[in-house]
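Q: compute the structure for the input listed below.
(2 chains)
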Amino acid sequence: SQKIEQNSEALNIQEGKTATLTCNYTNYSPAYLQWYRQDPGRGPVFLLLIRENEKEKRKERLKVTFDTTLKQSLFHITASQPADSATYLCALGADTGFQKLVFGTGTRLLVSP
Amino acid sequence: DVKVTQSSRYLVKRTGEKVFLECVQDMDHENMFWYRQDPGLGLRLIYFSYDVKMKEKGDIPEGYSVSREKKERFSLILESASTNQTSMYLCASSPPGTGTYEQYFGPGTRLTVT
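A: As a prediction, the model looks like this:
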């Protein structure tokens, strides 16, 4: 069955450093991969999408890589700030036309001043 | 801005009760989704709809049904609530076609079944 793994342990880093979160998957061939941010008590908010034929995508301080050979995506936040503290979810989608997503369990990021 | 609203933030129901969770979006999106989110299990898709009166089962549809009578509204129904349906329920919508496939989420309803 499809499996998406994100580090269940919280990632603690200091302000100004680069945070790197990992998303690994098995038994799946996604057409695209998305990253969402979720704050406590709120719904997820879309951040970035990367397609299977793209190696890297950037948006401001965010960078996502996608390696379909390793079946892995890395999500980087550069110059991290305490306001970046949240849970980050990866989600995989196939080109089925229904835009169904399969979500990982998320990794909590804590950025300390 | 896209807005997805859910009828309640918190809900407490008794075992065996029929429960309705309502979701409304204001962006004329064709696709709407219902998820539940549990610690350690992440978001799991219950049902989705790609048009009015159309519905498709997600990964965990057992014990749930849905209704989509109008494009902007997607309802999740627990026919006979059970304690294992205690969870955070999230509704989402997305536009059709190619693009970012971004899903817009509501704030969630935390349902407790006692």
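
Q: just list the residues touching whichever residue of chain A sits closest to chain B, thanks.
A: Residue nearest to chain B within chain A: residue A:43 (3.0 Å; C-beta to the nearest C-beta). (Each C-beta comes from the backbone N, C-alpha and C, glycine too.) Neighbouring residues of residue A:43 by C-beta atoms under 8 Å, 6 or more residues apart in numbering or on different chains: B:4, B:90, B:92, B:105, B:106, B:107, B:108.

Q: do that again at 7 Å, thanks
A: With contact set as C-beta atoms under 7 Å, 6 or more residues apart in numbering or on different chains, residue A:43 has these partners: B:90, B:105, B:106, B:107, B:108.

Q: what strand or helix carries the closest residue to residue A:56 other than its chain neighbours?
A: By the measure of C-beta to C-beta, 6 or more residues apart in numbering or on different chains, the closest residue to residue A:56 outside its immediate chain neighbours is residue A:65, 5.1 Å from it. Per DSSP states H and E, residue A:65 falls inside strand A:62-67.

Q: what's in contact with the helix or strand just after that strand?
A: Per DSSP H and E, strand A:62-67 leads on to strand A:72-77 as the next helix or strand towards the C-terminus. The contact list for strand A:72-77 (C-beta under 7 Å, 6+ apart) reads A:18-24, A:33, A:35, A:50, A:61-66, A:84, A:88, A:90.

Q: could you pull up the mean pLDDT of the helix or strand that strand A:72-77 is followed by?
A: Using DSSP H and E, the next helix or strand after strand A:72-77 towards the C-terminus is strand A:86-93. The average pLDDT within strand A:86-93 is 95.

Q: same check on stretch A:56-76?
A: Per-residue pLDDT over stretch A:56-76 has a mean of 96.

Q: does residue 50 belong to a helix or a strand, and which?
A: No chain in the question, so chain A it is. Using DSSP H and E, residue A:50 falls in strand A:45-51.

Q: that's the wrong chain, I wanted chain B
A: Under the criterion of DSSP H and E, residue B:50 resides in strand B:42-51.

Q: that strand - contacts with which helices or strands?
A: Using 3 or more C-beta pairs under 7 Å, 6 or more residues apart in numbering or on different chains; DSSP states H and E as the contact criterion, the elements in contact with strand B:42-51 are strand B:31-38, strand B:54-57, strand B:64-70.

Q: up against chain B, what does chain A have?
A: A:32, A:34, A:42-44, A:46, A:49, A:93, A:98-101, A:103-106 (C-beta under 7 Å from any C-beta of the partner chain).
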